[in-house]
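> Predicted model and sequence follow; I will ask about them next.
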Amino acid sequence: MNDFFTASASVAGALIGLLFVAISVASDRLRAATDGQVHRIRAVAALTAFTNSLSVSLFSLIPGHKIGPTAISVAAVGLAFVVASLLSLIRLRQVRWATAHDALFLVGLAFTFVVQLIAGIDVNAHAGNSGDVDTIAILVVICFLLGIGRSWELIGGPSIGIRKEVTALVRAHQGSPDEPQGTPAPPVAKAGSEAQTGETGPT
């Protein structure tokens, strides 16, 4: 398990560095007046997920069963962030269909932190229970995936979903018979004696 947490700490450090680059690239979106708050929440959500993985991984490498208290502490901080983010969306009246997936993501992130909080409490109560440590390790991987997803949306990466593509395909298929037929081109006047010019020649 030490090898896993060593590798995950390295991955978390690298991803946090890349997140800072993504934030600098998307700085205009973060300062936008309309959806700026939504993008700021996405950025902090990614940073929270990566920081959670980094903290748990680093403290788990310290001898003396530090993984339990660390999991509890960072999970509590993460839950506080989720609550603050949801309240921010409600206060700014930005909870709408376009941002429904952001709210759903925050709920999923909150669920992850709740499971981690419970696992951390169990590790403190039963230090020799390897099952709870395995659960925390799995949650570290989940936080990586959640943070990567938030970072991708932060920089405006393309999103291709099966539901969106099927809907677009159906609409395109239904709209094709209704397209107006092309207007035929007017006949070209024949040159020579058949052309009617309306002019008379010299007598």
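Nice, thanks for sending it over.

> Distance of Val21 relative to Glu165?
30 Å (Cβ to Cβ, to the nearest Å). All C-beta spots, glycine's among them, are computed from the backbone N, C-alpha and C.

> try Gly13
In terms of Cβ to Cβ, Gly13 sits 36 Å off from Glu165.

> can you tell me which residues contact Ala32?
By Cβ atoms under 8 Å, 6 or more residues apart in numbering, Ala32 lies in contact with His39.

> Let's verify it: helix, strand, or coil?
coil (DSSP: H, G, I helix; E, B strand; the rest coil).

> just use 453 as the starting number from now, easier for me
OK, 453 is where the count begins now, so the last one is Ala484.

> Okay, it and Gly599: tell me how far apart.
Counting by Cβ to Cβ, the gap from Ala484 to Gly599 is 22 Å.

> now Ala536
For Ala536 relative to Gly599 (Cβ to Cβ), the value is 18 Å.

> Counting neighbours around each, name which of the two comes out higher.
Gly599 (24 against 12; other Cβ atoms under 10 Å).

> secondary structure element for that one?
With elements taken from DSSP states H and E, the one containing Gly599 is helix 582-606.

> repeat for Leu561
helix 552-577.

> Wait, Leu538 touches Leu556, no?
No - assessed by Cβ atoms under 8 Å, Leu538 is found out of contact with Leu556, at 11.0 Å.

> which residues of this protein fall in helices?
For the chain, the helices defined by DSSP state H occupy 454-477, 479-482, 488-512, 519-543, 552-577, 582-606, 614-627.

> pLDDT weak spots in this protein?
Along the chain, the model assigns pLDDT under 70 to residues 485-487, 544-551, 579-581, 609-613, 615-616, 627-655.

> quick check: angle from the helix holding Leu561 to helix 582-606?
Relative orientation of helix 552-577 versus helix 582-606 (axes from the mean of the first three to the mean of the last three Cα atoms, to 10 degrees): 160 degrees.

> between helix 552-577 and helix 519-543, how many degrees?
Using the same axes, to 10 degrees: helix 552-577 against helix 519-543 is 160 degrees.

> Please identify the buried residues of helix 552-577?
554-555, 557-558, 561-562, 564-565, 567-569, 571-575 (16 or more other Cβ atoms under 10 Å).

> same check, this time on stretch 525-533
Across stretch 525-533, burial judged by 16+ other Cβ under 10 Å covers 525-527, 530-531, 533.

> One more: stretch 483-494?
489-494.

> any idea which of the residues you listed is closest to Arg623?
Val490 (26.9 Å; Cβ to Cβ).

> how close does that closest one get to Arg483?
13 Å.

> With Leu561 instead?
For Leu561, the distance to Arg483 - Cβ to Cβ - is 24 Å.

> got it, and Thr619?
Counting by Cβ to Cβ, the gap from Thr619 to Arg483 is 33 Å.

> coming back round to it: comparing Gly465 and Glu617, which shows the higher neighbour count?
Each of Gly465 and Glu617 has its neighbours counted (other Cβ under 10 Å); Gly465 has more, 15 against 10.
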